[in-house]
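Visitor: got a predicted structure plus its sequence, pasted below:
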Amino acid sequence: MKADVVLAGVGGQGVLTVARLLAEAATVDGFHVVQGELHGMSQRGGAVQAHFRLSDQPIESPQVPRGRADLLVGFEPVEALRNIAWLAPGGRIVTAIRPIANVPDYPPIEKVLEALRQFPETILIDAHALAVAAGSVRAENLVVAGAAFSLLPLTRGKLRGIVQKRAERWTAAERDAAIKALAAGRAAIGGAPPVHG
Amino acid sequence: MTNTAPETTTPAAELMLGDDAVAYGALHAGISNAYAYPGTPSTEIFTRLVREAQAHQVTAHWCANEKSAYEGAIGASLAGRRAIVTMKHVGLNVAADPFVNSALLGLGGGLVLAVADDPGMHSSQNEQDSRCLADFARVPCFEPATAQEAYDMTREAFALSERFQVPVVVRLVTRLCHERARVQTRAAEPQKPLQKAGPRQDWVLLPANAKRLWSQLLAEQPAMRQASESSPHNVLREGAGRLGVLTTGVGRRYLGEVLPEMAQAPPHLHVATYPLPAARVRAFAGQLDSVLVLEDGYPYVERLLPGIVPARCKVLGRESGALPASGELTVVNVRAALGLPALRLHEQAALELPARPPRLCDGCVHRDSYGAMLQVMQEIGVATITGDIGCYTLGALPPYQAIDSCVCMGASIGMAKGASDAGLRPAIAVIGDSTFLHSGIQPLVDAIAHDTDMTVLILDNETTAMTGGQPTELPDTRLLPVVLGLGADPAHVHVFAAHPRKVPELAALIRKEIEHRGLSVIVVKRECVQTARQRKTHEG
Ligand code: SF4
């Protein structure tokens, strides 16, 4: 059993945090885990990419090879599209749909979503709206985390525990929103079965 | 006093960054001192060391630059203590002087240099390979492939350093520095007692001593090579066929990834220690027709192989064209080099996607400075603006496109001087506070000495922002006394507290000082919004 995941978004969206949460959850489940990211220039509102691999066998390459990702997790729709070459045949896309148009030539959002729908089994989620409903706009990345988590062969509940542990310094309202956001992300996936390569 | 470090502060097999693994390797090897200047991808080694310093009774100091950091580590070694110094690859250019010369000394405590290369140039201006510099200094080097190896080899490097009384290099690459994986730590060694290393003749590099010490270093080379030949980190795996694969560092992992797809596993030698274990390479290549070298960075081993492998054995790699000459190894280019068919990749042709380069944060003080400079440019026409290294390098990109150059730390001031001397005026240097303290002070001394017709803008955001907000070595309140103390004319030195509403005022000041036919210095200050936010979270 293995799952290769590429996460893509914009600097400041919490992509690296989610990659790390998933890696920790997979470790608790006893998987071999490798998670890679780039720090530095990529963090200032630029495109960000993180990799996360889990397997019951030792893992070799530090990065998910192009064309091998079982799951492409988008925090922003254009960034999901940009990383399409990573997706394996039969791999799945789950992405938030709110555009971050901090560049002048951002294409019309309908066109972006249409391009994403061309790929079978794409799951589009309105993570922003779900985060607002959960009580915090800032929990958008946790909605995505909840969605990605339920598509991975991981035991339910672990992620919640890990978030709660990290959230010790948060206010009760923030913690509450975080837990709700995770659950909303899970619910948005419906009953889709987990990916694995 | 000898301190016994706590057993281990991490539970067994914790998920950690490769950078963290180096830090714990050093802590558990019983270091007493640690020094660094931040630089991606090495920064997190030292962030960890600073965080753990108190618990382990270690002195861990950020330094003004890599040279100062390296010299601190030599001093600790003189005191008989173990020390680590960390930096990025281009930082080693700055520290090259003490690094190369320290190889001649009769070191006391183990001195380990952890240096992070950035093949692919994710956040660097070049992809130089630190293995070449270890070779240049004639000292041993480890090249870990995994976070676990980064931990193990860092620990081992200290013992090797003490055995040969030379600095030992641990060479890292971006993917390893920034990968999180499980690492098994072991019980810590106690720190070494304070004991001044001697004799003096082994520390004073006067020509008479240096000649003797250099001969000694050369005489030690066979023993260093022997240590490398017998290292268990270099592993030979039998295989079928007459094409062998030699991997170094993370190259092994790309081979491992594609191995299941190969009809038969090729003979494989993994090299993790330098000097290159030539005898092992020779034995490996004996029956082969060709050797493919998978190494991240320069074709360092590839270039050493002719003369070691039999003449009929072809050497393949980055230089032969089997792999791209630049950029990182990837599963894609390793597959191609091994003759495996390319994977079919998904494409999307429907839309042209906009590039999304990094940009200055909203509310960043540099926005004010560049906004003001653009206003000035509109008024006066052309000027030459030499840039430097930091967040403000992003001023090279739209919407500002304001700077003409970015070469290396501190270069803006020296280059503005040269450009002005040569007649390219007005010349304006743009440099951050941390970069100024790193290596901008020296060229400013030259500009002051000649009262060069140029304007220096020191962009003071009160931190080393680009690498995550490390403190600068001097509080910003001391920047002005430093500049004045060097002898700059107080009439043409200004400190400007920036505010978005005051951009026209800043533009007028810059314009006025450009018109001055001598040296002017303007310090533009406001705290980095990111550090301000972090500070508030910590305080709140
Ligand atoms: S991190 Fe600080 S200095 Fe860098 S762009 Fe953002 S606000 Fe400016």
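Guide: Happy to help now that I have it.
Visitor: quick one: contacts for residue 48?
Guide: Went with chain A since none was named. Taking CB atoms under 8 Å, 6 or more residues apart in numbering or on different chains, we find A:Val48 in contact with A:Ala8, A:Gly9, A:Val10, A:Gly11, A:Gln13, A:Val15, A:Leu16, A:Glu37, A:Leu38, A:Ser42, A:Glu79. (Each C-beta comes from the backbone N, C-alpha and C, glycine too.)
Visitor: oops, chain B please
Guide: B:Arg48 neighbours (CB under 8 Å, 6+ apart): B:Leu17, B:Asp19, B:Asp20, B:Ala23, B:Tyr24.
Visitor: which SSE is the nearest residue to the fourth one once chain neighbours are set aside in?
Guide: By the measure of CB to CB, 6 or more residues apart in numbering or on different chains, the closest residue to B:Ala23 outside its immediate chain neighbours is B:Arg48, 3.8 Å from it. Here B:Arg48, judged by DSSP states H and E, is contained in helix B:43-52.
Visitor: with A:Ala178 instead?
Guide: helix A:172-189.
Visitor: dump that helix to PDB, restricted to CA.
Guide: The C-alpha coordinates for helix A:172-189 follow below in PDB (Å, rounded to 0.1, in the frame of the first residue of the first chain):
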ATOM      1  CA  ALA A 172     -11.400  27.900  22.100                       C
ATOM      2  CA  ALA A 173     -13.200  29.500  19.100                       C
ATOM      3  CA  GLU A 174     -10.300  28.900  16.800                       C
ATOM      4  CA  ARG A 175      -9.900  25.300  17.900                       C
ATOM      5  CA  ASP A 176     -13.600  24.800  17.400                       C
ATOM      6  CA  ALA A 177     -13.500  26.200  13.900                       C
ATOM      7  CA  ALA A 178     -10.500  24.100  13.100                       C
ATOM      8  CA  ILE A 179     -12.200  20.900  14.100                       C
ATOM      9  CA  LYS A 180     -15.400  21.900  12.200                       C
ATOM     10  CA  ALA A 181     -13.300  22.800   9.100                       C
ATOM     11  CA  LEU A 182     -11.700  19.400   9.100                       C
ATOM     12  CA  ALA A 183     -15.100  17.700   9.400                       C
ATOM     13  CA  ALA A 184     -16.600  19.900   6.600                       C
ATOM     14  CA  GLY A 185     -13.700  18.900   4.300                       C
ATOM     15  CA  ARG A 186     -14.300  15.200   5.000                       C
ATOM     16  CA  ALA A 187     -18.000  15.600   4.400                       C
ATOM     17  CA  ALA A 188     -17.400  17.400   1.100                       C
ATOM     18  CA  ILE A 189     -15.700  14.300  -0.200                       C
END
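Visitor: flag every buried residue along it.
Guide: Buried residues in helix A:172-189, counting neighbours by 16 or more other CB atoms under 10 Å in any protein chain shown, are found at A:175-186, A:188-189.
Visitor: near the ligand, which residues of chain A show up?
Guide: For chain A, the residues in contact with the ligand (CB under 6 Å from any ligand atom) are A:Arg44.
Visitor: kindly report the same for the stretch 401-540 of chain B.
Guide: Contact residues, the stretch 401-540 of chain B versus the ligand (CB under 6 Å from any ligand atom): B:Asn461, B:Ala465, B:Cys528, B:Val529, B:Gln530.
Visitor: got a winner among those residues for most neighbours?
Guide: When neighbours are counted by other CB atoms under 10 Å in any protein chain shown, B:Asn461 leads those with 29 neighbours.
Visitor: which phi and psi does that one have?
Guide: The phi/psi pair for B:Asn461 (degrees, to the nearest 10) reads phi -100, psi 10.
Visitor: name the nearest residue to it, sequence neighbours excluded.
Guide: Excluding its sequence neighbours, the residue lying closest to B:Asn461 (CB to CB, 6+ apart) is B:Cys528, at 4.0 Å.
Visitor: that neighbour against B:Thr464, yeah?
Guide: No: the criterion here is CB atoms under 8 Å, and B:Cys528 misses it with B:Thr464 at 9.2 Å.
Visitor: give me the subset of the residues of the stretch 401-540 of chain B next to the ligand lying in helices.
Guide: Under the assignment DSSP state H, these contribute B:Val529, B:Gln530 to helices.
Visitor: how many neighbours does the nearest residue to B:Ala53 once chain neighbours are set aside have?
Guide: Leaving aside its sequence neighbours, B:Ala53 sits nearest to B:Ala60 (CB to CB, 6+ apart; 4.0 Å). Counted with other CB under 10 Å, the neighbours of B:Ala60 add up to 24.
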